[in-house]
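Q: got a sequence here, can you build the structure:
(2 chains)
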Amino acid sequence: DAGITQSPRHKVTETGTPVTLRCHQTENHRYMYWYRQDPGHGLRLIHYSYGVKDTDKGEVSDGYSVSRSKTEDFLLTLESATSSQTSVYFCASWTGRLTEAFFGQGTRLTVV
Amino acid sequence: ELKVEQNPLFLSMQEGKNYTIYCNYSTTSDRLYWYRQDPGKSLESLFVLLSNGAVKQEGRLMASLDTKARLSTLHITAAVHDLSATYFCAGDNNNDMRFGAGTRLTVKP
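A: Numbers count the residues shown, from 1 in each chain, chains lettered A, B, ... in the order given. Model (predicted):
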């Protein structure tokens, strides 16, 4: 399995506070993704990265920002968390070639 | 923007029966993926389909791809309880990877 880890695995935070989730991969994959998973919606793409400092928005990017200063790390920041951002967040990494993407174990974020 | 739709969203099957999950996508997809997710777990890759007419099989699961119809299917043969999970299809257009809403499969004895 690809080495991809997310931290923290669980977090409870208060409305209005900033939150940063970290995704770390050891496979030297070019592409990295952040998704949120909510009942009835499957996985929705928040942001993705196609290289160091190269990122693009997904379908639900409002309220989120990302940064990728190193190939192995992709950070997701909620500048001011809201209750609607309570979700399970998954990170994925991918070579961009003829294989599948690999997923982290997920981060359960609760905004109270 | 690529949109991916799956149906059904919920599927309850009896052991031993066959069924098919459908995945339609809206625009050109460079590849088509199927993943499995168990409750509280991450996603596990099942299949990657790369070209029109591609068919892949693993145990009781078989996936196919028709790029002209923008349709992929996941066929379940003689279902067993261990197949109970949520199944996702996903496509990617220029490395922008999008998922369907998932099909929650329950296999009952």
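
Q: who are the neighbours in contact with the residue nearest the centre of chain A?
A: Nearest to the mean C-alpha position of chain A, by C-alpha atoms, centre = their mean, lies A:W34 at 2.9 Å. Contact analysis of A:W34 by C-beta atoms under 8 Å, 6 or more residues apart in numbering or on different chains lists A:21, A:23, A:45-48, A:58, A:64, A:66, A:74, A:76, A:89-91. Bear in mind the C-beta positions are built from the backbone N, C-alpha and C, glycine included.

Q: of the residues you listed, which are in range of chain B?
A: Applying C-beta under 8 Å from any C-beta of the partner chain to the contacts of A:W34, one finds that A:45, A:48, A:58, A:90 fall near chain B.

Q: now render those residues as CSV, adding neighbour count.
A: Below are those laid out as CSV (neighbours: other C-beta atoms under 10 Å in any protein chain shown):
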residue, neighbour count
A:L45, 23
A:Y48, 24
A:G58, 21
A:F90, 24
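
Q: and chain B, which of its residues are near chain A?
A: Counting by C-beta under 8 Å from any C-beta, the residues of chain B near chain A are B:1, B:6, B:9, B:31, B:33, B:35, B:41-43, B:45, B:48, B:50, B:88, B:90, B:95-102.

Q: in ChimeraX, select just the buried ones from these.
A: A single ChimeraX command selects the buried members of these (16 or more other C-beta atoms under 10 Å in any protein chain shown):
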select /B:6,31,33,35,42,43,45,48,88,90,95,96,97,98,99,100,101,102
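
Q: the residues of chain B next to chain A in strands, which ones?
A: B:6, B:31, B:33, B:35, B:43, B:45, B:48, B:88, B:90, B:96-99 (DSSP state E).

Q: using TSV, lay out the residues you listed together with pLDDT.
A: Listed next are those as TSV, based on pLDDT from 0 to 100:
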residue	pLDDT
B:Q6	96
B:R31	88
B:Y33	95
B:Y35	97
B:L43	96
B:S45	94
B:V48	94
B:F88	97
B:A90	95
B:D96	88
B:M97	91
B:R98	94
B:F99	95
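
Q: residues in contact with A:T82?
A: So A:T82 contacts A:15, A:63, A:111 (C-beta under 8 Å, 6+ apart).

Q: who wins for neighbours among those residues?
A: A:V111 (19 neighbours; other C-beta atoms under 10 Å in any protein chain shown).

Q: check whether that one really touches A:E14, as I assumed.
A: Yes - with contact defined as C-beta atoms under 8 Å, A:V111 counts as touching A:E14 (7.3 Å).

Q: identify the contacts common to those two.
A: In contact with both A:V111 and A:E14: A:A81, using C-beta under 8 Å, 6+ apart.

Q: quick one on the thing from earlier: would you list the contacts of A:W34 in a markdown table and tack on pLDDT and secondary structure?
A: Formatted as a markdown table, the contacts of A:W34 follow (pLDDT from 0 to 100; DSSP: H, G, I helix; E, B strand; the rest coil):
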| residue | pLDDT | secondary structure |
| --- | --- | --- |
| A:L21 | 98 | strand |
| A:C23 | 98 | strand |
| A:L45 | 96 | strand |
| A:I46 | 97 | strand |
| A:H47 | 97 | strand |
| A:Y48 | 96 | strand |
| A:G58 | 94 | coil |
| A:Y64 | 98 | strand |
| A:V66 | 98 | strand |
| A:F74 | 98 | strand |
| A:L76 | 98 | strand |
| A:Y89 | 98 | strand |
| A:F90 | 98 | strand |
| A:C91 | 98 | strand |
